[in-house]
Every structure is written in structure tokens, then in C-alpha cells.
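>>> based on what follows, work out the 3D shape:
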Amino acid sequence: ISFRAGLVGNNKTVLIVSQDLSINTLPPALYVVAMPIGQWGDLAPRAVEVLSQVNLILAEDTRVSGQILKSVGILTRMVSFNSHSEVGKAGKVVESLERGNSLALISDAGTPAISDPGGFVIRRVIECGYSVIPIPGPCALTAALSVSGFPAAPSHFFGFLPTKSSARDQELETALAYAGTLIFYEAPHRIVDLAKRLDLKAVGRSVLFARELTKTHEQLIRINAGKCESWFIDNPDRVRGEFVIVLGPSKAKRSSYEFETDQLLAILARELPPSKAAALTSELTGISKRTLYRQLTGKSEA
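Coordinates of the predicted model:
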């Protein structure tokens, strides 16, 4: 493989790779590669090197990723690998690894498996005893958190809330029960709805709406819950784009009752499965079993 400098969009200098397709120097593994979330110049040199050397690239959308890869001279074959096909194709990924191939997993933008396809196949590859290797880079989650001004620890990432109203309310209430910083993703057609719910349920908490991160119309909106919906309604153009929403920690001090509940839950969890510990703590305190289970495991009970 030879390297040279080149220019792509916005006169960004990037690494251009000339590849000998007959040579693969990477050991068999699934390489989870972060892709730009806006600026193509954010594609890391190591990501370019790995994507040039693997036998096959699993891409969420070959058309979107193909443009970026073509700009840096990557000619590796790609196949579509999205949320609709992931389960069905996971077995073929393992078979390819068994034959000694190396594969890269990429999403349209950002890091695979962070509210993007990839989680299922990563677990399958791990279960079958093959290596999964991270090639880090852009991620909207960490980008927004890094400029929020809120504490990074503790912080809790909830991704996209459900679309149905009742489930949406329940998930948001579960999230707001957590201490620390909260992070959500949201699509433009649901951002006003989320803003309205934050106004009702998180009054007074500081909020960052990170819109179109790294793109031409990037915008960071810092506001207090109670005023979120009106900010969007005042100008419909503000609704456009993809959003990361970061809520600062609640300013209200936790009661001794809350600390006692946490202690009880932790003690029971040392001796019992999470579901049973959550159920007993719920019976004793009156707090939702779902909320307690989420507090223990970071996920809703199956």
C-alpha cells in the first residue's frame, strides 16, 4: 500500500491510499470503523488504512459510504449491511471470518452500534470466538457531550426514544430518574415533540440541543427546559437536521430516602438476579420495577 496527500471537499487534506487488492495484511477480525458525521476530513488515517486492507466492507448504505471512500481512493468491495439485513447476514460474516478473511463494519455516519446497526453482528462474532477491533473516530454522542459543559460522569445515553406517545413518556420518565447528565438522539420530525415533553417533565434543567454537528449548519442551542418548544416554534428552520440532546444534571438534591433505596437495591443485587432485586425493591419502596431494573442494568427488562 502506498500513501500520498490529496484534497477533497472544502479543500481538506486527506490521506490517499493506493491499494494492491491481491494483498491482505490484516488478521481475521471484524473491524468496527467510525465514519465522518459531516466533515469528510474527519475520517481518520488509521480508518483509511484498515478500510483499504480488509477483504470486505459491511456498509449501512453503500451509496453514502461509497462517495467518501472513493474520495480517498479506497477500492475495497462493499456489501449492504443495515438494520433490515443484519440478523440474516450475521452467519455469513462468521463464515467469512472462518475462511480467514478480515471485514470492516461501517455506518452512514459515526460509530456503528451507537444507535446504528452493528450490535447484533458484533455479539455474534464475539460468541463465535473471533476478534472485534475498534477503529475509533467520529461519534455524535461524544462530540455533543464534550462541548456541553455538563459532567461526563455520571452520564447516561438513551439513544432515540420510542415513537409511541405512552412508551415515549415512560422512557423519558425512566431517564429523568437517573442522576447525572442525560443524552438522547432525535430526528427532525420528532424534535418539537421531545422539546415539549422536556418543558413539562424537566423544568429548570439546562439543555443543549446540538444540531447538525460538524455540518455546514451546525448549531449549539443552550436553553433551560420550560422554553424549549417555543424556541423551535419561533422559527421552523430550526427543526431541520439531526439532533443530539444533552440534559444537565438535576439541581434538586436527592433525599435520604433516595439514597436508602439505592443502597437497598445494590445490596439485593449482590445476592439476586437484577429482575428479582428490582422487584423486591419496588415492593418495599413503591418505585417502579422498570425504573429500578433500568438503574441496575442500563436497559429495559425483556
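>>> using PDB, list the CA coordinates for stretch 118-125.
What follows is stretch 118-125, C-alpha atoms only, in PDB (Å, rounded to 0.1, in the frame of the first residue of the first chain):
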ATOM      1  CA  GLY A 118     -24.000  -3.500  14.200                       C
ATOM      2  CA  GLY A 119     -24.800  -4.600  17.800                       C
ATOM      3  CA  PHE A 120     -26.200  -7.900  16.800                       C
ATOM      4  CA  VAL A 121     -23.400  -9.000  14.500                       C
ATOM      5  CA  ILE A 122     -20.700  -7.800  17.000                       C
ATOM      6  CA  ARG A 123     -22.300 -10.000  19.700                       C
ATOM      7  CA  ARG A 124     -22.400 -13.000  17.300                       C
ATOM      8  CA  VAL A 125     -18.800 -12.600  16.200                       C
END
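>>> and it, average pLDDT?
Average pLDDT, stretch 118-125: 95.
>>> what of stretch 175-189?
The pLDDT scores in stretch 175-189 average 93.
>>> from the rest of the structure, what touches it?
By C-beta atoms under 8 Å, 6 or more residues apart in numbering, the surrounding residues in contact with stretch 175-189 are 115, 140-141, 144-145, 148, 150-161, 194, 201-202, 239-250, 254, 291, 295. Every C-beta, even on glycine, is put in place using the N, C-alpha and C of the backbone.
>>> what are the buried residues along that stretch?
175-176, 178, 181-186 (16 or more other C-beta atoms under 10 Å).
>>> which ones are touching Leu30?
93, 97, 103-105, 121-122, 125, 130-133.
>>> specify which member of these is nearest to Ser71.
Checking the contacts of Leu30 against Ser71 by C-beta to C-beta gives Ala104 as the nearest, at 16.8 Å.
>>> what about the helices in the protein?
For the chain, helices defined by DSSP state H occupy the ranges 45-53, 62-71, 86-98, 119-127, 140-148, 165-176, 191-201, 228-233, 256-271, 274-285, 289-297.
>>> still on that earlier bit, hmm, which of the contacts of Leu30 are the buried ones?
Among the contacts of Leu30, those buried by neighbour count (16+ other C-beta under 10 Å) are 93, 97, 103-105, 121-122, 125, 130, 132.
>>> okay, now the closest residue to Ser107 other than its chain neighbours: neighbour count?
Of all residues not flanking Ser107 in the chain, Asp116 sits nearest, at 3.9 Å (C-beta to C-beta, 6 or more residues apart in numbering). Look at Asp116: counted by other C-beta atoms under 10 Å, it has 21 neighbours.
>>> okay but Asp116 is in contact with Gly110, surely?
Yes - between Asp116 and Gly110 a contact is recorded at 6.5 Å, counting by C-beta atoms under 8 Å.
>>> got a list of what the residue most central in space within the chain touches?
Most central in the chain under C-alpha atoms, centre = their mean is Ile114, positioned 2.6 Å from the mean C-alpha point. Residues counted as contacts of Ile114 (C-beta under 8 Å, 6+ apart) are 139, 141, 159.
>>> look up phi and psi at the first one.
For Cys139, the backbone dihedrals are phi -160, psi 120 (criterion: degrees, to the nearest 10).
>>> what does the pLDDT read for it?
pLDDT, Cys139: 96.
>>> the last one too?
Here, the pLDDT recorded for Gly159 equals 95.
>>> now Ser102, nearest residue through space, not along the chain?
Nearest to Ser102 is Leu26, by C-beta to C-beta, 6+ apart, at 4.1 Å.
>>> what confidence value was assigned to the closest residue to Gly159 other than its chain neighbours?
Closest residue in space to Gly159, ignoring its immediate chain neighbours: Ser115 at 4.2 Å, by C-beta to C-beta, 6+ apart. pLDDT recorded at Ser115 is 88.
>>> got a list of what Ser115 touches?
Per C-beta under 8 Å, 6+ apart, neighbours of Ser115: 159-160, 185.
>>> roughly how far apart are it and Tyr185?
To Tyr185, Ser115 is 5 Å away according to C-beta to C-beta, to the nearest Å.
>>> re the thing from before, tell me the one of the contacts of Ser115 nearest Lys276?
Among those, and counting by C-beta to C-beta, the member closest to Lys276 is Gly159, at 26.8 Å.
>>> can you name the residues bridging to that closest one?
Beta-bridge pairing for Gly159 (DSSP bridges): Phe184.
>>> re the thing from before, neighbour count added to the contacts of Ile114, as TSV?
Putting these into TSV (neighbours: other C-beta atoms under 10 Å) gives the following:
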residue	neighbour count
Cys139	21
Leu141	20
Gly159	13
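>>> quick check, Val147 in contact with Ala210.
Yes - proximity of Val147 to Ala210 meets the contact threshold set by C-beta under 8 Å, at 7.4 Å.
>>> start and end of stretch 42-58, how far apart?
Terminal residues of stretch 42-58 are spaced 20 Å apart (C-alpha to C-alpha, to the nearest Å).
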